[in-house]
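>>> Sequence and predicted structure, then a few things I'm wondering about:
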Amino acid sequence: MNTADTDTPHPNHTGADAGTATMAEMLELDAEVLRTFLTGLTTWLGELSDREPGRIVDLGTGTGTGAIALARRFPRAEVSAVDVSPQMLHRLSAKVSALGLTDRIRGVLADLDKGWPALDTPDLVWAAASLHDMGDPDRVLSHVFDALRPGGLLAVTEMDFFPRFLPEDVGVGRPGMEARLHAALNAGPAPDWTDHLTRAGFVLEAERPFVIDLPAPLPAATARYAQVCLRKLRSHLDGRFPAEDLAALDAVTDDEGPHSVLRRDDLTVRTTRTTWVGRRP
């Protein structure tokens with residue numbers, strides 16, 4: 001889940017155990033709260049495919065939310081879920097086992113910056129909020145191009161900005177705190193993979209923004225999702241945000257306080273994600 005510049009936190013799949021656990025929870029909550037987005041995206045990919053995918057590769061799978069959504073959308077497909085983190089793949093394995101999908105989803109431990117893993121020829125490659133973490137994404141895209149069957153699709157999805165949850169006035173501090181928070185962290189343009197896909201040899205099949213604007217009533221996990229996301233942003237703000245705004249942010253991410261997101265009934269979820277789809281000629 002990523003925003004436009006490198007100073008803004010991206011959900012990636014590396015780091016210490018505590019950071020991995022936090023990221024894993026964020027990915028799980030994201031999939032639960034934005035379930036309709038995932039369903040819409042996978043359905044659209046099915047419409048673009050020239051045939052139902054039999055083999056799918058999920059690059060940077062994390063806890064496997066994308067791999068599982070794809071396996072559900074394409075019930076005859078086998079999914080290779082690739083990640084550099086053994087901890088993430090362990091979580092994926094537990095989920096896949098609980099869902100009875102061990103015969104269709106397998107974890108693949110690989111560092112894509114060091115080379116392409118040994119995989120069967122895929123019909124569809126999925127890279128959601130992961131390609132920007134690669135040291136040389138153009139090299140990875142070249143490997144994807146070579147691996148795909150002719151006519152196969154690559155879908156790259158990025159978050160244009162981190163989700164926003166709060167009303168203008170949160171009841172503490174000056175109004176507009178969340179808008180200032182995002183302004184402090186989002187200094188660059190949103191990522192655009194069009195030229196990268198073209199250089200790798202893909203024909204750009206489609207580019208589609210998905211505008212997510214969820215009003216109340218929201219899924220039960222939304223409050224915790226908001227807390228985890230806002231705390232993630234908070235960890236990048238020291239020295240970059242006014243003390244009054246930091247105090248307000250701490251108040252809304254607190255577990256017990258009266259302004260906590262866990263106690264609010266005025267949360268929404270607002271974000272935009274863009275997907276680029278390239279086809280191998």
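Noted; the coordinates are in hand.
>>> So which bits of stretch 20-38 are buried?
Along stretch 20-38, these residues count as buried under the neighbour rule (16 or more other Cβ atoms under 10 Å): 20, 22-24, 26-34, 37-38. In short, each C-beta sits where N, CA and C put it, glycine included.
>>> need the strands for the stretch 1-150 of the chain, in chain order.
With DSSP state E, counting those that start in this stretch as the criterion, the stretch 1-150 of the chain has strands at 55-59, 78-83, 105-109, 124-128.
>>> Run the angle between the first one and strand 105-109 for me.
Comparing the axes of strand 55-59 and strand 105-109 via axes from the mean of the first three to the mean of the last three Cα atoms, to 10 degrees yields an angle of 40 degrees.
>>> helices or strands up against strand 55-59?
Packed against strand 55-59 by the contact rule (3 or more Cβ pairs under 8 Å, 6 or more residues apart in numbering; DSSP states H and E) you find helix 65-73, strand 78-83, strand 124-128, helix 137-147.
>>> try 10 Å
The helices and strands touching strand 55-59, judged by 3 or more Cβ pairs under 10 Å, 6 or more residues apart in numbering; DSSP states H and E, are helix 65-73, strand 78-83, strand 105-109, strand 124-128, helix 137-147, strand 153-159.
>>> In the chain, mark out all the helices, start to finish.
For the chain, the helices defined by DSSP state H occupy 17-33, 35-48, 65-73, 86-98, 137-147, 177-185, 194-200, 222-234, 243-253.
>>> Using a markdown table, please lay out those together with mean pLDDT and distance to Val211.
Shown next, in a markdown table, are the helices of the chain (pLDDT from 0 to 100; distance: least, Cβ to Cβ, whole Å):
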| stretch | mean pLDDT | distance to Val211 |
| --- | --- | --- |
| helix 17-33 | 91 | 15 |
| helix 35-48 | 97 | 10 |
| helix 65-73 | 97 | 19 |
| helix 86-98 | 97 | 29 |
| helix 137-147 | 98 | 25 |
| helix 177-185 | 94 | 16 |
| helix 194-200 | 98 | 19 |
| helix 222-234 | 97 | 18 |
| helix 243-253 | 97 | 24 |
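>>> What residues does the nearest residue to Pro215 once chain neighbours are set aside make contact with?
Nearest residue to Pro215 in three dimensions, chain neighbours excluded: Thr268, at 5.6 Å (Cβ to Cβ, 6 or more residues apart in numbering). By Cβ atoms under 10 Å, 6 or more residues apart in numbering, the contact list for Thr268 reads 163-167, 212-216, 218, 222, 226.
>>> Of those, which qualify as buried by neighbour count?
Pro163, Arg164, Phe165, Leu166, Ile212, Leu214, Leu218, Thr222, Ala226.
>>> now for those, which pair is the farthest apart?
Leu166 and Ile212 (15.5 Å; Cβ to Cβ).
>>> For Pro217, give me its contacts.
Asp265.
>>> sorry, back to before: how near is the residue nearest to Pro215 to Ala223?
From Thr268 across to Ala223, the span is 12 Å (Cβ to Cβ, to the nearest Å).
>>> Quick check: neighbours shared by these two?
Joint contacts of Thr268 and Ala223 (Cβ under 10 Å, 6+ apart) are Phe165.
>>> Please tell me how far Leu45 sits from Gly152.
Distance of Leu45 to Gly152, computed by Cβ to Cβ: 12 Å.
>>> between the two, which one's more packed in?
Higher neighbour count among Leu45 and Gly152: Gly152, with 25 against 22, using other Cβ atoms under 10 Å.
>>> residues contacting the more buried one?
Here Gly152 is in contact with 49-51, 53, 55-57, 121-125, 144-145, 202, 278-280 (Cβ under 10 Å, 6+ apart).
>>> switch to 6 Å and redo it
Asp123, Arg280 (Cβ atoms under 6 Å, 6 or more residues apart in numbering).
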